[in-house]
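>>> What would the 3D arrangement of this be:
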Amino acid sequence: MSWLNGLARPDILALKPYEHATWEPIYERMHANELPWRALGDDTLAGLNRYPEPFPRVLAERLAALYGVPVERVLVGRGSDEHIDLLTRAFCRAGQDAVLICPPTFGMYSVAARIQGADLVTVPLDAGRGFALDERAVLERCDARVKLVFLCSPNNPTGNLLDEDAVLRLAEALTGRALLVVDEAYLEFAEKPSLARHIDRFPHIAVLRTLSKAHGLAGARCGTLIAHPDVIALLSKVIQPYAITQLTIEAVLRLLEPAQLAVSERRVATIIAERARLAAGLAELPGVIRVWPSAANFLLVELHEPDRMLERVRDAGILIRDVRRPGLERAVRISVGTPEQNDRVIGALR
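So this is what the prediction gives:
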């Protein structure tokens, strides 16, 4: 892990991970203090009375195949939130190191930094250029304290893809300085290839993927970190063993079969078509100032009267997200729903 020596926390590099009970399913288990009987109604394959596999290899292999990467570059976690937390804890010393983010963006990056006691460096996206990445400002602010740079592409809540060439130039400049984490939670809706294909060239790029969005498995809490094997090995010291429940393992394996993946592809195509229809319908409404272009499964919409519009949509039985903040003082975020739901939103705002 020599290339990580100047980036990761020295105490985590030296950490001896927890030694969990041996995982050898061919033997009867009398070594992990488990109850030998199943609970009534437990119809899982492995039994919920037993601990799940500490780091589920078969699930990791299935996710590696889904994303087209070697399994050695995969760490399965409880959604992207867990990976954001793991990265922050493994790379940032409280009171010494910093995390750089580009707001407006996903709020968990800053929450994880504050929980860890890391400083937070902010470089706003350039709204005048469609919330583009400000490469020069990122590099100027990325001093020796910054160990993690989080980018979200497509970005939440603005919906835009970051320019890949700009991200790669930033990766080149950050070599040996920081880990560049690209959150691709919404990439399936952008129909673009993942930046994970550049990890051979830039081992300090890490990519976050999730089953919560395009695959309809938000309740399963299953996400994937794709990174250099050294990063995976480091975070494997920090992640809790048995983090992925047996229920999740079995459900996700079943729901990533080819037939289900075909259903997911069709649903993504429907969302992309509905995104365009919803955007066009919203843009015609007199209360709408602007509908921002989106490569995700949501739209950022600026309104003349956000409070009134939020209330009208709620009266129609639908919740949309109030994302007002500096730079987005009149903005709401609307997830693309079914055609019927989208019609109801347009009708309520009309």
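>>> Counting neighbours, what do you get for the residue nearest to Glu72 when sequence neighbours are not counted?
Leaving aside its chain neighbours, Glu72 sits nearest to Pro229 (4.6 Å; criterion: Cβ to Cβ, 6 or more residues apart in numbering). Heads up, the C-betas are built off the backbone N, CA and C, glycines and all. As a burial measure, Pro229 scores 15 neighbours (other Cβ atoms under 10 Å).
>>> domains of the protein?
Segmentation of the chain into domains, based on automatic domain parsing, reads 2-256, 259-349.
>>> which of the ones you listed is buried the deepest?
domain 2-256 (a mean of 18; mean count of other Cβ atoms under 10 Å).
>>> how about the domains of the chain in TSV, adding mean pLDDT?
Formatted as TSV, these follow (pLDDT from 0 to 100):
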stretch	mean pLDDT
domain 2-256	96
domain 259-349	96
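>>> and Asn160, what is it in contact with?
Going by Cβ atoms under 8 Å, 6 or more residues apart in numbering, Asn160 touches 130-132, 154, 292-295.
>>> Same question for Gln96.
Contacts of Gln96 (Cβ under 8 Å, 6+ apart): Arg145.
>>> what's the answer for Glu34, then?
So Glu34 contacts 49-51 (Cβ under 8 Å, 6+ apart).
>>> got it, and Leu225?
Neighbouring residues of Leu225 by Cβ under 8 Å, 6+ apart: 74-75, 77, 83, 86-87, 206-209, 231-232, 235.
>>> Looks to me like it is in a strand.
Yes. Counting by DSSP: H, G, I helix; E, B strand; the rest coil, Leu225 is located in a strand.
>>> Who does it form a beta bridge with?
For Leu225, the beta-bridge partners under DSSP bridges are Leu75, Leu208.
>>> Verify the stated contact: Asp119 with Leu100.
No. Counting by Cβ atoms under 8 Å, Asp119 stays clear of Leu100, with 9.5 Å between them.
>>> any idea how far Leu225 is from the closest residue to Asn155 other than its chain neighbours?
Leaving aside its chain neighbours, Asn155 sits nearest to Thr105 (5.8 Å; criterion: Cβ to Cβ, 6+ apart). From Thr105 over to Leu225 the distance is 18 Å, taken as Cβ to Cβ, to the nearest Å.
>>> again, but for Thr122
From Thr122 to Leu225 the distance is 23 Å (Cβ to Cβ).
>>> Ok, Leu87 next?
As judged by Cβ to Cβ, Leu87 and Leu225 stand 8 Å apart.
>>> can you pull the contacts of the nearest residue to Thr158 once chain neighbours are set aside?
Using Cβ to Cβ, 6+ apart and skipping residues adjacent in sequence, the residue nearest Thr158 is Phe131, 4.3 Å away. Residues in contact with Phe131 (Cβ under 8 Å, 6+ apart) are 104, 125, 155, 158, 160, 292.
>>> Was I right to think the last one contacts Ala283?
It stands for Trp292. No. Assessed by Cβ under 8 Å, Trp292 is found out of contact with Ala283, at 10.4 Å.
>>> hey, where'd the strands end up in this protein?
With DSSP state E as the criterion, the chain has strands at 74-77, 98-101, 119-122, 146-152, 179-183, 205-210, 223-226, 288-291, 298-303, 321-322, 331-335.
>>> closest one to Ala166 among those?
Of all the strands of the chain, it is strand 146-152 that lies closest to Ala166, at 9.7 Å by Cβ to Cβ.
>>> neighbouring strands for that closest one, and are they parallel or not?
Strand pairing for strand 146-152, using DSSP bridges, gives strand 98-101 (parallel), strand 179-183 (parallel).
>>> Reformat those strands into a markdown table and put distance to Asp315 next to each item.
Formatted as a markdown table, these follow (distance: least, Cβ to Cβ, whole Å):
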| stretch | distance to Asp315 |
| --- | --- |
| strand 98-101 | 35 |
| strand 179-183 | 34 |
